[in-house]
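A.B. asks: got a sequence here, can you build the structure:
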Amino acid sequence: MIFDFRLNTTGVIDPIGMPYLEECLREFPQTLFVGHGPGWWAEMSADVIPEEKNRTDYPDRPVIKPGRLAELLEQYPNMYADLSAYSCHRALTRDLTYAREFLARFSHKLMFGTDRFVNDYMENPVTISLIRDLQLPADTEYALLGGTAEQVLGLKSNKGNKS
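C.D. replies: Just a heads-up that it's a prediction; the model follows:
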């Protein structure tokens, strides 16, 4: 993990299109990767520009065309994503119609984790509330809020999840 003061961001920094991540996905197909943070969620839409790539102040414009994030989740069985960061919340709330479709389509690749261990951060309750407010099917919500993580981490059999 690095902090880049010029970009005011943390995490791995990859150019638009995430070519370095894709190279790792191809080179290490048995390794599970979990996308998380501003640089990952900025690629929710194909129209991301360099000034928006690693920042948390995402645009409010709707998603006209799905971005690289959806392509990587679809193409690579070892690519997953974490929903807990505020950057995810910002990416989802820019276009609630697309967010609902995205969450339903990729519920088997999305999981809610956290890198915060205190109650007063807003990321977790806000994102959980958003997922519940979207009124997704029960099995999709279950997958997003625990089922996918349980399955990926081998914590228990995932009998109730049909996603």
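A.B. asks: tell me the SS of residue 147?
C.D. replies: Assigned with DSSP: H, G, I helix; E, B strand; the rest coil, residue 147 falls in the helix class.
A.B. asks: relative to residue 79, how far out is it?
C.D. replies: Per Cβ to Cβ, to the nearest Å, residue 147 is found 18 Å from residue 79. Yep, even glycine has a C-beta here, placed from its N, CA and C like the rest.
A.B. asks: how about residue 54?
C.D. replies: 19 Å.
A.B. asks: same deal with residue 141?
C.D. replies: Distance from residue 141 to residue 79, by Cβ to Cβ: 21 Å.
A.B. asks: and for residue 72?
C.D. replies: Applying Cβ to Cβ, the value for residue 72 to residue 79 is 5 Å.
A.B. asks: ditto for residue 151
C.D. replies: Computed with Cβ to Cβ, the distance linking residue 151 and residue 79 is 15 Å.
A.B. asks: those two: which has the busier surroundings?
C.D. replies: A side-by-side neighbour count of residue 151 and residue 79, using other Cβ atoms under 10 Å, places residue 79 first with 22 against 17.
A.B. asks: next one, pLDDT for that one please.
C.D. replies: Note on residue 79: pLDDT of 97.
A.B. asks: before we move on, what about residue 82?
C.D. replies: 92.
A.B. asks: burial measure for the residue nearest to it when sequence neighbours are not counted, as a count.
C.D. replies: For residue 82, ignoring the flanking residues on the chain, the nearest one in space by Cβ to Cβ, 6 or more residues apart in numbering is residue 36 at 4.2 Å. Using other Cβ under 10 Å, residue 36 has 20 neighbouring residues.
A.B. asks: do residue 59 as well
C.D. replies: When neighbours are defined as other Cβ under 10 Å, residue 59 has 16 of them.
A.B. asks: so what sits against both of residue 72 and residue 79?
C.D. replies: Residues touching both residue 72 and residue 79 (Cβ atoms under 8 Å, 6 or more residues apart in numbering): 25, 35.
A.B. asks: which stretches of the protein have low pLDDT?
C.D. replies: Along the chain, the parts satisfying pLDDT under 70 run over 1-12, 56-57, 114-125, 157-163.
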